[in-house]
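Undergrad: Take this sequence and fold it.
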Amino acid sequence: MFSKSRINEPGPSQAGDGKAKASGAAPAAKSGATPPPPAQGTPVNKPKAPTSSLSSDLVIKGNLKSTGDILVEGTVEGDIHAHTMTVGEAATVKGEIVADDVVVNGRVIGRVRGLKVRLTATARVEGDIIHKTIAIESGAHFEGTVQRQEDPLNGNKGAKAPSPKA
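TA: All right, here's what the predicted structure looks like:
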């Protein structure tokens with residue numbers, strides 16, 4: 001640590017010479033050239049998009065698909081595919097939910113598939129849950145079956161297809 005600061009000290013003391021300035025300018029240019037590559041790397045790493053919110057007065061009839069996060073506060077009649085899916089307390093989803101993380105605070109009528117599924121105390125689910133990990137809080141209402149799979153996002157359709165062929 002001290003040796004590095006001593007190395008830097010002779011450079012500025014030699015700055016009085018024209019040769020030292022040229023040599024001092026070259027390292028500054030080299031160090032100045034180093035930051036732009038990380039700046040170019042920064043745009044490659046896209047910032048995470050904000051959560052898409054569907055307000056409580058919104059009714060959607062159709063399927064939704066997103067690589068990001070979705071928060072539903074209204075009503076959706078259709079399937080939803082997302083990275084993270086949150087069903088609000090007053091929300092209703094009639095269809096299949098497929099997401100890495102699923103948090104149900106409201107009502108779901110249909111299948112839920114997720115790596116992590118959580119039913120809060122206010123949740124009402126009528127349908128099957130296929131999960132890798134699940135948490136059901138006290139007070140949640142659930143009617144259906146629960147099945148654990150290593151890869152619940154691909155669905156059990158792929159798992160059932162090879163069985164009849166074999």
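Undergrad: residue ranges with poor pLDDT in the chain?
TA: Regions of the chain meeting the criterion pLDDT under 70 cover residues 1-46, 155-166.
Undergrad: Now do the domain split for it, please.
TA: As recorded under automatic domain parsing, the domains making up the chain are 2-44, 52-154.
Undergrad: quick one, which of these is packed in tightest?
TA: Neighbour counts (mean count of other CB atoms under 10 Å) averaged over each of those peak at domain 52-154, with a mean of 17. From N, CA and C alone the C-beta is placed, and that goes for glycine too.
Undergrad: Am I right that Leu153 sits in a strand?
TA: No. When DSSP: H, G, I helix; E, B strand; the rest coil is applied, Leu153 is found to be helix, with no strand at that position.
Undergrad: Tell me which stretches of the protein form helices.
TA: Under the criterion DSSP state H, the chain carries helices at the ranges 2-8, 10-13, 18-33, 36-44, 157-160, 162-165.
Undergrad: Surely Val104 and Ala121 touch.
TA: No. Using CB atoms under 8 Å, Val104 is not in contact with Ala121, being 10.7 Å away.
Undergrad: which residues are common contacts for the two?
TA: A shared contact of Val104 and Ala121, defined by CB atoms under 8 Å, 6 or more residues apart in numbering, is any residue touching both; here these are Ala140.
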